[in-house]
Each structure stands twice: as C-alpha cells, then as structure tokens.
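S.K.: below are the sequence and a predicted model; questions follow.
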Amino acid sequence: MEKGVPIRSISRSICVLQTINRHGALTLMEIAQQAKIPYPTACRIVQTLLVEGMIEREPNRKRYRPTALVHTLSHGFQTDDRLVSTARPLIVALTKKIAWPVTIATRVGQRMMVRDSTHTLTSLTFNNYYPGYTLPILECANGRAYLAFCADEERQNVLDSMRAIDDERPVGAEVMPFFESGMMVKDIRAQGFATKGRNPYTENPGKTSSIAIPLFDGEVLVGCMAVIFFSVSMKMEKAVETFLPDLQRTASEISLALSGSVSRAA
C-alpha cells in the first residue's frame with residue numbers, strides 16, 4: 001500500500017457520517033463515543049459535514065441527524081437484487097417456523113451489510129435491522145462464514161486491508177491470526193456454519209447470538225444467512241442443534257433457486 005494511505009482524517013470522517021446515518025439523531029458526545037474518536041476531532045468533522053449539507057442540527061436540540069443529501073453518495077451504485085428477491089419468501093417462511101429473525105448479508109469492504117431481514121415479523125427481537133445496517137466482518141457470524149467460504153485471495157485482501165492502519169487495532173484482531181493461519185477457515189468449512197456468541201457490535205451489545213451459513217449461486221458465494229436469538233434463551237450448542245437443519249434446508253432452496261434449478265414460484 002502507498003505510504004501515507006489511508007488518510008486518517010478521511011477514514012474518521014467517513015466513520016462519523018456512517019455513525020450518524022446508522023443511529024439517527026446523536027449528540028456530539030454520542031458521536032465521538034460511537035465513532036471511537038476524540039471529542040475535539042468529532043466536533044471538527046461534524047462542523048465540516050454541516051457545511052457540506054450532509055447532516056443538520058435538530059431544531060432546539062443539540063443533536064445531529066443525516067440529511068437527504070446523504071443519498072447522493074450512492075448515486076451510480078448498482079447491486080443485484082436477485083438474492084434478496086429470491087430469498088425473501090424463503091426466510092419469511094423460516095421465521096414463521098422457528099419464530100426467530102433471519103438476516104441475509106453480503107460483504108461490503110471490511111463489513112457485512114444486511115440486505116434483508118425478518119426482524120419486523122417476530123416479537124423475538126430487540127431491534128429492526130434494516131437493509132444497509134453493517135457489522136464488522138470478524139465480529140458477526142455472517143462475516144466469519146463469508147470469510148471461511150470465500151476465495152483465499154479475497155479473504156487475504158480483506159485481512160490485509162484491516163491491517164492497513166498501523167496505529168489502530170482492527171475490530172476482531174484477536175481472531176485474525178486464526179483466519180490467516182487457515183485454522184478457523186478449516187473448522188468452519190468442515191462444520192458448514194459459523195457462530196458468534198453475545199454479538200458485541202449490535203444495537204444491544206452482548207444480548208444476541210447468531211448462527212450463519214453461506215449462500216451460493218452455483219459455485220459462486222453470494223452472501224450469508226443467519227438466525228439471531230437471545231443469548232440467554234439457549235446455549236450455542238442447543239441453538240445449533242435446533243436451528244441448523246432448517247437453516248441448511250432454506251439455504252439449499254435459496255441456492256437452487258438462484259442457480260435456476262427451481263423456479264422462484266416453487
């Protein structure tokens with residue numbers, strides 16, 4: 001990587017904008033805490049975003065929220081919605097059967113982005129994780145499953161990019177060596193799924209756990225699917241025993257539909 005890249009100030013500015021866009025109206029202190037940057041730095045970035053029109057201050061409140069101008073950042077971005085449209089009826093049926101919410105996620109850089117979820121269809125959830133919500137790739141079951149089943153070159157590129165900022169500890173740094181050595185890759189591939197207990201980077205840190213499996217279009221990895229459950233409701237071993245067969249069955253149906261082996265109406 002070229003010396004001096006990435007530019008720390010730009011990385012922090014993007015982080016602040018993502019934080020405000022994710023959480024809605026936040027105070028300066030909340031922005032600094034959520035983005036994990038010094039308060040004075042957060043103040044300068046917020047002032048810049050105000051000038052650029054990306055955020056605005058709420059009337060009569062010391063809180064900042066995104067503006068519609070944020071949408072211009074996605075101009076020109078295109079994504080294949082076939083995964084979502086194919087998977088939607090199947091994950092809805094899965095949630096109706098097991099009662100717990102299910103998410104479909106794809107990789108975007110060093111994070112996994114929710115493309116669809118069934119959180120609104122069940123009371124067994126703390127939050128509605130809307131499309132566009134992201135989680136650190138090494139700190140969620142979807143991300144660990146993705147890294148295990150993706151091509152070796154893609155995995156190494158992701159891990160290399162996470163180490164690019166020398167003076168910061170990457171999120172999930174404690175498990176990076178196990179992916180780089182191939183140990184976790186081998187284990188996850190052998191069992192066919194990945195888990196993450198007490199997810200630390202959700203809206204309710206530590207209160208949910210998840211089990212994820214990969215989704216394929218033919219031989220191509222296109223994303224992952226996870227079931228999310230309350231950490232206190234059952235141990236991971238019991239959750240795997242309870243949910244894995246239905247997860248695998250649904251993933252197989254999605255992959256078959258994507259590859260054209262069955263019709264979407266089936």
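M.R.: Noted; the coordinates are in hand. In this text, all values refer to a predicted model and were calculated from it rather than measured experimentally.

S.K.: just the helices in this protein please.
M.R.: Taking DSSP state H, the helices of the chain run over residues 8-23, 28-35, 39-52, 82-98, 141-149, 152-162, 176-180, 183-191, 236-258.

S.K.: mean neighbour count, those helices: which tops it?
M.R.: For these, average neighbour numbers computed from mean count of other Cβ atoms under 10 Å are highest in helix 141-149, which has a mean of 26. Where C-beta positions appear, they are placed from N, C-alpha and C, glycine not excepted.

S.K.: ok so, going back, quick one: which of the helices of the chain is nearest residue 126?
M.R.: helix 8-23 (14.6 Å; Cβ to Cβ).

S.K.: output the contacting helices and strands for that closest one.
M.R.: Judged by 3 or more Cβ pairs under 8 Å, 6 or more residues apart in numbering; DSSP states H and E, helix 8-23 is in contact with helix 28-35, helix 39-52, strand 64-66.

S.K.: output the ones you listed as CSV; include the columns distance to residue 214 and mean pLDDT.
M.R.: Output for those, formatted as CSV (distance: least, Cβ to Cβ, whole Å; pLDDT from 0 to 100):
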stretch, distance to residue 214, mean pLDDT
helix 28-35, 30, 92
helix 39-52, 37, 91
strand 64-66, 33, 89
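
S.K.: the ones you listed: which one's closest to residue 20?
M.R.: Of all the helices and strands packed on helix 8-23, it is strand 64-66 that lies closest to residue 20, at 5.5 Å by Cβ to Cβ.

S.K.: need the contact list for residue 95.
M.R.: Neighbour list for residue 95: 101, 102, 118, 121, 122 [criterion: Cβ atoms under 8 Å, 6 or more residues apart in numbering].

S.K.: just give the closest residue to it, not the sequence neighbours.
M.R.: residue 118 (4.0 Å; Cβ to Cβ, 6 or more residues apart in numbering).

S.K.: that neighbour touches residue 104, doesn't it?
M.R.: No: using Cβ atoms under 8 Å, residue 118 is not in contact with residue 104, being 9.4 Å away.

S.K.: who touches both of the two?
M.R.: Common neighbours of residue 118 and residue 104 (Cβ under 8 Å, 6+ apart) are residue 91.

S.K.: and residue 107, how far from residue 38?
M.R.: 30 Å (Cβ to Cβ, to the nearest Å).

S.K.: so for the two, which sits in the more crowded spot?
M.R.: residue 107 (21 against 11; other Cβ atoms under 10 Å).

S.K.: quick one: residues contacting that one.
M.R.: Taking Cβ under 8 Å, 6+ apart, one finds 113, 137, 143, 146, 150, 158, 223 in contact with residue 107.

S.K.: over to residue 118?
M.R.: Contacts of residue 118 were listed using Cβ under 8 Å, 6+ apart, and they are 91, 92, 94, 95, 101, 102, 103.

S.K.: distance check, the nearest residue to the fifth one once chain neighbours are set aside against residue 201.
M.R.: When you say that, I think you mean residue 101. Excluding its sequence neighbours, the residue lying closest to residue 101 (Cβ to Cβ, 6+ apart) is residue 119, at 4.4 Å. From residue 119 across to residue 201, the span is 16 Å (Cβ to Cβ).

S.K.: and those two? Which one has more around it.
M.R.: Higher neighbour count among residue 119 and residue 201: residue 119, with 20 against 16, using other Cβ under 10 Å.

S.K.: what does the model give the more buried one for pLDDT?
M.R.: As predicted, residue 119 sits at a pLDDT of 95.

S.K.: how about the one 4 residues further on?
M.R.: The confidence metric pLDDT takes the value 95 at residue 123.

S.K.: no further queries at this time; thank you.
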